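Colleague: Build me a model:
(one chain, ligands or ions: 1)
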Amino acid sequence: MLSVATLLCVSCLLLGARGQDRAAMWRGNDRSGRCQYTFTVSSPTEASCPTQAGGPEMDALKSRLSLLEVMVTRLAGGEASGAVDTAAGGPGAGAVQQQQQQKLQEAYSQAMGEKAQLRREKDNLDRQVQDLQRRLEESRQEAERLRSRPCVQTPPAPSAPQQDSGLRPAGDPSWHYGSPGYQELKAEVTEVPVPTPAYIEVGTGCGELVAIGEPVTHRKADTIAGKYGVWMQDPEAVAPYGAGMVWRIDTVGSEVRQLFGYEDTEQLARGYPTKVLLLPEAVESTGATMYRGSLYYQRRRSRTLLRYDLSSESIAARRDLPHAGFHGQFPYSWGGYTDIDLAVDEQGLWAIYSTNKAKGAIVIAKLDPHSLEVLKTWETNIRKVTAANAFMICGRLYTVASYTAAETTINYTFDTATSQGKALSVPLKNKYRYNSMIDYNPVQRKLFAWDNYHIVSYDVRLGRQQ
Ligand code: CA
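Modeller: As a prediction, the model looks like this:
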C-alpha cells in the first residue's frame, strides 16, 4: 500500500516537474488519517485557450448575443424597445414606423369589431320594428273585428254569476267565465277608447270661441322636411280608415307628395306610420284638410283644388277656385305659398283665400265637398297678408295675429251667418315660435297646429249659442 503511494508520489513529482504551470498538487489527510494527494492537470486543449476574455471568437459570440438581445427586446415591444431603438440612432425611425403600423392595425381591428357589433344591433332593431308593426296590424284587425261584432246583452244563465251577464257576447258558445278566450276579449274591450265626459259635453252646440288651452305637443319632426307641414284627422272618417287615424304631410320641398297615415295620436307620437300614400299630384303649402274619406288640397303652383279619395287612392274631383291668388300672391304673413287654406268645421268644407277683386282681403268660400264647386262666398275686411293663419269654427272665420310671438291672440272673427266681422282678443301660445298651420277639428274640438317642427294641438272652449 505504501509502495503504491510512494510510486504515485514519485509520478506526481515527475509530472509536476514537467509542467510547472499546467499542474498543481495538494496534500491532506482523509477521515481515517491516511495521507491523500490531489492532482489537478490542465488538459492540452484548455491549456491552449486564451487565459483572458477577448479574441475573435469571443467577439463574434458577444456580437451575436447582443443582436439576439435586441431582437428579443423588439419582439417584446413597449417603451423599452422604443428607448433602445431611439438611442441606437439609425434603426429608430424604422422601429417607430413599425410601431405605428402595429397601432393602426389594432385600431382597424377594433373598428371592424365595432362595425360588426353595430350591424348586429341594427338587424336586431329592424326585427323589433317589423314585429311591432305586425302586432300593430293584428291589433287593428282585432279591434275592427270587435267593433263589427254586435254587442247584445243577454240574461244571465242560471248557473252563471250575476256580475258576468253584461260581458257575455251573444251567440258565442265558446264563451265561459275564466276561459282564455274571455280573458283575451276582456283585455281588448278595455282598449277601445271611451269618449270622455268632456268630449260629450263640448260636442253639443256651437258658439263663439272664448278660450284656447295650452299647446300639447304630439311629435317633433325628424328632418328639415318637417319644419312646417299639415296634420289632420277626418271628422267623418270613412272605411277602411278609422276615426282615430291621423294624417300628416311634411311640406318643406318643391315636390311634396307623401301622405303619412298613423293609427292614432299615440302611433304619431311614436313615429310609426301604418300607411304611406304617394299623391298623384304635388301639394302646395299647408292648407290641406281631411273630410269624409278624402284629402282636399291645392295642387302645386295652381289655384286647382283636388279631392283625393283615400279608399280608391286616386283623384276623385278637381276644380279651379275662381280668381283665387296662388303661389305667393296672397299668402299669410309667414309666406310659404299659403294662398289657399282649406278648412272643415261643423258646417262642412271651406276655402280661405283672396282675389284681385278683393284686393288682398280674406275671401271665404263654402265648397261642395263632392264636386268642389263653390256654393257661396263672403268677403271680409281683413287683409290676408296681415293674418298669420285662419280657421273656421261653426261657420265663423278666426284669424291669428302672429305666427312667431310666444303670446299672441285670435284677433278677428267673421260670422258667415250674419256676414259681420269684428275684432277679438283670445290668447294663443306659439310655443315653438314658428306656427305654419292652424286648423280646427270639429269632432275633437281642438285646434291642430304645426309649430316649428312640432305637431301640437290646443283645446278650445266655445261660448253659448247666440
Ligand atoms: Ca288654416
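Colleague: for the closest residue to the ion within the stretch 351-466 of the chain, helix, strand, or coil?
Modeller: Of all residues in the stretch 351-466 of the chain, D439 sits closest to the ion, at 4.4 Å by Cβ to the ion. Every C-beta, even on glycine, is put in place using the N, C-alpha and C of the backbone. State at D439, reduced to three classes by DSSP: H, G, I helix; E, B strand; the rest coil: strand.
Colleague: what's the domain layout of the chain?
Modeller: Domain assignment for the chain, taken from automatic domain parsing, gives 4-87, 122-153, 195-462.
Colleague: Nearest to K115, out of those?
Modeller: Closest approach to K115 among the domains of the chain (Cβ to Cβ): domain 122-153, 10.4 Å.
Colleague: if we can go back for a sec, okay if I get the domains of the chain as a markdown table plus mean neighbour count?
Modeller: Below are the domains of the chain laid out as a markdown table (neighbours: other Cβ atoms under 10 Å):
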| stretch | mean neighbour count |
| --- | --- |
| domain 4-87 | 11 |
| domain 122-153 | 11 |
| domain 195-462 | 19 |
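Colleague: circling back to that earlier point, is the residue of the stretch 351-466 of the chain closest to the ion in a bridge, and if so with what?
Modeller: Counting by DSSP bridges, D439 is bridged to F448.
Colleague: Let the chain start at 54 from now.
Modeller: Okay, residue one is now 54; in that scheme the one you just asked about reads as D492.
Colleague: Could you verify my assumption that it touches A396?
Modeller: Yes. If you go by Cβ atoms under 8 Å, D492 and A396 touch, sitting 5.6 Å apart.
Colleague: re the thing from before, worst average pLDDT in the domains of the chain?
Modeller: Note on those: domain 57-140 shows the lowest mean pLDDT, a mean of 51.
Colleague: Look up the closest residue to the residue in the stretch 204-353 of the chain that the ion sits nearest to, ignoring the ones flanking it.
Modeller: With Cβ to the ion as the measure, G340 is the residue of the stretch 204-353 of the chain nearest to the ion, at 6.3 Å. Counting by Cβ to Cβ, 6 or more residues apart in numbering, G340 lies nearest to D394, which is 4.0 Å off, once chain neighbours are set aside.
Colleague: Any idea what the one you found is bridged to?
Modeller: Under DSSP bridges, the beta-bridge partners of D394 are I405.
Colleague: what about the closest residue to K499 other than its chain neighbours, is that helix, strand or coil?
Modeller: Once flanking residues are discounted, K499 sits nearest to S510: 4.7 Å by Cβ to Cβ, 6+ apart. Assigned by three-state DSSP, the conformation of S510 is strand.
Colleague: got the contact list for S510?
Modeller: By Cβ atoms under 8 Å, 6 or more residues apart in numbering, the contact list for S510 reads 268-269, 271, 497, 499-502.
Colleague: and the gap between it and G266?
Modeller: Distance, S510 to G266, using Cβ to Cβ, to the nearest Å: 9 Å.
Colleague: Also N483?
Modeller: 14 Å.
Colleague: Check Q497 too.
Modeller: For Q497 relative to G266 (Cβ to Cβ), the value is 12 Å.
Colleague: Can you give me every residue that contacts the nearest residue to L515 once chain neighbours are set aside?
Modeller: Nearest non-adjacent residue to L515, counting by Cβ to Cβ, 6+ apart: G260, 4.0 Å away. By Cβ under 8 Å, 6+ apart, the contact list for G260 reads 447, 515-519.
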